[in-house]
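Participant: Need coordinates for the below:
(one chain, ligands or ions: 1)
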Amino acid sequence: MKEQELKIACIGAGNSGTGHMIWFEQRIPNSIVAFCDLDRTIFDKVLDGYLGKGKNIAGDFKQDASGLAASFRDLPFYTDADEMLDNEAINTVLICTSCDAHAEMVRKCVKRNLNILLEKPIAITASDIENVWSLLKDYPKVATVNFTMRGAPVSLAAKQHIQNGTIGKIVSVQYVNNVHYGDVYFRNWMRTRQRVGDLWLQKATHDFDIINSIIGLEPLSAAAFGSRLIYGGDMPNDLTCDDCDKKWSCPMSIYRLQFDAAKPLPPQHLRQCVYAKEIDIDDNQTAIFKYQNGVNVSYSQSFNAPQQGGQRGGYFIGTEGIMHLKYYNEFVETPQGQMIAGNSSIEITRYHQKPASRIHEIYDWAGHSHFDGTEYVYEAKLALLTGQDTKVKNTAKEGYISAKMCLAAQKSIDSGKLTAIDLKL
Ligand SMILES: NC(=O)c1ccc[n+]([C@@H]2O[C@H](COP(=O)([O-])OP(=O)(O)OC[C@H]3O[C@@H](n4cnc5c(N)ncnc54)[C@H](O)[C@@H]3O)[C@@H](O)[C@H]2O)c1
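Facilitator: Numbering: from 1, shown residues only. Here you go, the predicted model:
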């Protein structure tokens, strides 16, 4: 298909969906033909920001929308996905709803044989994950899962080092993700099992995929622990920091955090109380995975790291050296939420090199999200849609394997037992 033939619709036009639509529309004018959401509030607010009529709240997928026509807001809008898919001439669908609706939307698109650009995770229940995989395994059209970090230049370089044998054969991985904006996950719909599954599926899924990509092996089994020690409680579900009488005294108030720690204020729809009753997901988790070839991987994530405590990445230990991958090497985020400086690094020390010798690489991502993966992943999707090859395929298989690791980790927590990953590839 030629770029000009792309007719894209979005289901779930929130922060991610709207960002994706704007990128495609800017790159290929008139490629976005319609969108569907149960409620277009986020779409309208995000667009207001882009069109200079309000604060820019675009989030993770913020674009340079300088050429965007004001008429973009008049796109055909539907609240029912079937109605949109039946009425509009569409060949490609961005699925960006909350995670609980991903599987249902994949089924609708597969039924109509459309290209599918699916947000991660592929689904959140065991049966839906298997169902989505069975539908997409041999799907004749394009089907991608949005693992944005795969496109980051530092991720590709790390993978290349392992493939080149720079540290010999991989032996083990020690990986952490300490999330310095972790409270945000507890200030919106992502805080309940029903909507998100858990934070394995919401967050760790990216890191599991990165580990899989870099070491190129399949995971076999998982043992994990998790607990909730920071967030949740007995506050009303609809309470926000704005309406709370503890606005200035609560240590987790967004206003207190901005005052004491220069933490950027989140947009209006991400301000719910982190001590709400409905919160039922763990806020810290640790897993160990056994991979093919006897390789062991440990992974730990936490959601209450301070602003400068954000850490993501790990040590990849090989027979001939160690590669230290740091997604957050250095970064500076202003109190207004702009990442004005940021870079990732790879440091490799090798067994047969003099002690102070090392390979040291820096990858600048200032001003770009997902460590500079966002735009490269969009380009990769465009390449696939137009029949070209790309290093960043973001396949359904990658989405399936990572989701199965998440399920196995949670099952291990729930059962207290070592859990087989049981991939049906
Ligand atoms: N790849 C990444 O790096 C990345 C980053 C952030 C979010 N995400 C994923 O993107 C998805 C959306 O997250 P978000 O932060 O944009 O959330 P959001 O709340 O901003 O947007 C979700 C939108 O989906 C809509 N929606 C929910 N159910 C629907 C349904 N049945 N039909 C139509 N619309 C429906 C909601 O009304 C909302 O507007 C999630 O699956 C999340 O995991 C991925």
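Participant: Okay, now the sheet partners of the helix or strand encompassing residue 348, with direction.
Facilitator: Using DSSP states H and E, residue 348 falls within strand 339-350. Note on strand 339-350: by DSSP bridges, its sheet partners are strand 321-333 (antiparallel), strand 359-364 (antiparallel).
Participant: Can I get those in TSV including distance to the ligand and mean neighbour count?
Facilitator: For every residue, glycine as well, the C-beta is placed using N, CA and C. Below are the strands paired with strand 339-350 laid out as TSV (distance: least, CB to the nearest ligand atom, whole Å; neighbours: other CB atoms under 10 Å):
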stretch	distance to the ligand	mean neighbour count
strand 321-333	13	20
strand 359-364	18	15
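Participant: For my notes, please list the ones you listed in TSV and give mean pLDDT and distance to residue 101 for each entry.
Facilitator: Shown next, in TSV, are those (pLDDT from 0 to 100; distance: least, CB to CB, whole Å):
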stretch	mean pLDDT	distance to residue 101
strand 321-333	96	29
strand 359-364	98	34
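Participant: closest one to residue 250 among these?
Facilitator: Nearest to residue 250, of all the strands paired with strand 339-350, is strand 321-333, at 22.3 Å by CB to CB.
Participant: rewinding a little: what's next to the strand holding residue 348, contact-wise?
Facilitator: With contact meaning CB atoms under 8 Å, 6 or more residues apart in numbering, strand 339-350 is reached by 152, 154, 157-158, 161, 166-167, 313, 320-334, 357-367, 369, 371.
Participant: in it, what counts as buried?
Facilitator: Within strand 339-350, the residues that count as buried by 16 or more other CB atoms under 10 Å are 342-350.
Participant: Switch those residues over to CSV; also include distance to residue 203.
Facilitator: Below are the buried residues of strand 339-350 laid out as CSV (distance: CB to CB, whole Å):
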residue, distance to residue 203
342, 19
343, 22
344, 18
345, 21
346, 22
347, 24
348, 27
349, 29
350, 32
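Participant: what's the closest of the residues you listed to residue 68?
Facilitator: Using CB to CB, those come closest to residue 68 at residue 342, 25.2 Å.
Participant: isn't residue 283 right up against residue 229?
Facilitator: Yes: the pair residue 283 and residue 229 qualifies as a contact (CB atoms under 8 Å) at a distance of 6.5 Å.
Participant: what's the neighbour count on residue 404?
Facilitator: Close neighbours of residue 404, defined as other CB atoms under 10 Å, add up to 24.
Participant: sec struct for the residue nearest to residue 49 when sequence neighbours are not counted, please.
Facilitator: Using CB to CB, 6 or more residues apart in numbering and skipping the chain neighbours, the partner closest in space to residue 49 is residue 56 (3.5 Å). Remark: residue 56 carries the secondary structure label coil [criterion: DSSP: H, G, I helix; E, B strand; the rest coil].
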